[in-house]
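Peer 1: Got a predicted model here, sequence first, then my questions.
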Amino acid sequence: MSEPIVECEGLVHIYRTTDVEVVALQGLDLRVEPGEVVAVVGRSGSGKTTLMNVIAGIEAPSAGTARVGGYDLARMTEQERDRYRQEVVGYVLQHSQANLATDLNAFENVLLPMSAGSAADSRQRASFLLETMGISRLAANYPGELSGGEAERLAVAIAMANQPQVLLADEPTAELDRATADALLRDLRQLLRESGSAAVMVTHDASVERHADRVIQIRDGRTSTQTRWREEAGEVVADELLIMDRAGRIQLPRAYVERLGARGLIRAHLEGDEIRLRRGDPESTDG
């Protein structure tokens, strides 16, 4: 098995002010393989954006382990952090225009972060990215002249400028209609395949999940379930992996509950009814 490009174990992040401590991540585990596309979902306040900021090198972990591309994110110097953000990760912020320099055209925006190689190589890379993202015709346009979908495509091209090992995207389809979002995600997936980059995308959009290899759900700052899409008999089906939360509870997917015929039992339990499942004398068994 290859080494993961992203590996977080027991990751904790605490925001501290003078009077308040907020625990945003509470022992989160995450593993992303090279070239894998992972969607991270969860309610507002579940810790998704904090996770992205840690992986991006913006926030340092408070405890636990976070390694990306050979870097220990808890132990980087400022010089290492700058090099890490330049060479290892590319970050697409939630609001597309926040990724763009308004006084530069699209082509210049993609050139701006490039830090290695000759000028000719950089220009060739910029042309490739604009072409792959379907906006080569807009190379001379300024950000203010772009639609929401075009601006998001340009933001992706900028984030991929230095051929990062991991692309991070925070709500990449939040400002887009369904058709525009689907087209963007198809082209993004093609770019990732051609570049060999992994991706971690935070989203509330269910359509993003279908463009990912795996979906991670976060609750209370910890991973709670994982869904992996696989092909079976010519159809794409989902396998769900259950993860125990910090209170020792297991969250069962609805399909599993219905398959076990346990829906009525669970409803009765939630309503406060006393349910006892008799399995014999516990003292007479080994387990």
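Peer 2: Thanks, I have it. In this text, all values refer to a predicted model and were calculated from it rather than measured experimentally.

Peer 1: any idea where the helices of the stretch 1-150 of the chain begin and end?
Peer 2: For the stretch 1-150 of the chain, applying DSSP state H, counting those that start in this stretch gives helices covering 48-55, 78-87, 106-111, 119-132, 148-159.

Peer 1: Reformat those helices as a markdown table; add mean pLDDT.
Peer 2: Formatted as a markdown table, the helices of the stretch 1-150 of the chain follow (pLDDT from 0 to 100):
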| stretch | mean pLDDT |
| --- | --- |
| helix 48-55 | 90 |
| helix 78-87 | 91 |
| helix 106-111 | 97 |
| helix 119-132 | 95 |
| helix 148-159 | 95 |
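
Peer 1: Ok, which of these comes nearest Ala98?
Peer 2: Nearest of those to Ala98, taken as C-beta to C-beta: helix 148-159 at 8.3 Å. Yep, even glycine has a C-beta here, placed from its N, CA and C like the rest.

Peer 1: where are the low-confidence patches of this structure?
Peer 2: 1, 220, 222-287 (pLDDT under 70).

Peer 1: Now mean neighbour count and distance to Gly64 too, for the helices of the stretch 1-150 of the chain, in TSV please.
Peer 2: Output for the helices of the stretch 1-150 of the chain, formatted as TSV (neighbours: other C-beta atoms under 10 Å; distance: least, C-beta to C-beta, whole Å):
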stretch	mean neighbour count	distance to Gly64
helix 48-55	23	10
helix 78-87	14	18
helix 106-111	22	35
helix 119-132	16	34
helix 148-159	24	26
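
Peer 1: could I get these as CSV with distance to Val23?
Peer 2: Formatted as CSV, the entries for these read as follows, by distance: least, C-beta to C-beta, whole Å:
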stretch, distance to Val23
helix 48-55, 10
helix 78-87, 23
helix 106-111, 37
helix 119-132, 38
helix 148-159, 29
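
Peer 1: Show me what the top helix by length along the chain is in contact with.
Peer 2: In the chain, ranked by residue count with DSSP state H as the criterion, the top helix is helix 178-195. The contact list for helix 178-195, computed with C-beta atoms under 8 Å, 6 or more residues apart in numbering, reads 35, 37, 129, 132-134, 148-149, 152-153, 156, 160, 163, 167, 169, 172-173, 176, 198-199, 205, 207-208, 211.

Peer 1: And for stretch 134-154?
Peer 2: Residues from elsewhere that reach stretch 134-154 (C-beta under 8 Å, 6+ apart): 92, 96-97, 99-107, 109-110, 127, 130, 133, 157, 172-173, 175-176, 180, 183-184, 187.

Peer 1: gap between that stretch and the chain center?
Peer 2: Its chain's C-alpha centre and that of stretch 134-154 lie 24 Å apart, by C-alpha atoms, centre = their mean, to the nearest Å.

Peer 1: mind checking the end-to-end distance for it?
Peer 2: 9 Å (C-alpha to C-alpha, to the nearest Å).

Peer 1: Next, the buried residues of stretch 21-32.
Peer 2: The neighbour-count check on stretch 21-32 (16 or more other C-beta atoms under 10 Å) flags 24-28, 30-32 as buried.

Peer 1: Using JSON lines, lay out those residues together with distance to Ser118.
Peer 2: Shown next, in JSON lines, are these (distance: C-beta to C-beta, whole Å):
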{"residue": "Ala24", "distance to Ser118": "42"}
{"residue": "Leu25", "distance to Ser118": "41"}
{"residue": "Gln26", "distance to Ser118": "47"}
{"residue": "Gly27", "distance to Ser118": "46"}
{"residue": "Leu28", "distance to Ser118": "41"}
{"residue": "Leu30", "distance to Ser118": "37"}
{"residue": "Arg31", "distance to Ser118": "36"}
{"residue": "Val32", "distance to Ser118": "32"}
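
Peer 1: Inside strands: which ones of those?
Peer 2: 24-28, 30-32 (DSSP state E).

Peer 1: For Gly10, state which of those is nearest.
Peer 2: Of these, the one sitting nearest to Gly10 (C-beta to C-beta) turns out to be Gly27, at 4.8 Å.

Peer 1: Verify the stated contact: that closest one with Leu11.
Peer 2: Yes: the pair formed by Gly27 and Leu11 meets the contact definition of C-beta atoms under 8 Å, at 6.9 Å.

Peer 1: Give me the common contacts of those two.
Peer 2: Taking C-beta under 8 Å, 6+ apart as the contact rule, Gly27 and Leu11 both touch Gly64.
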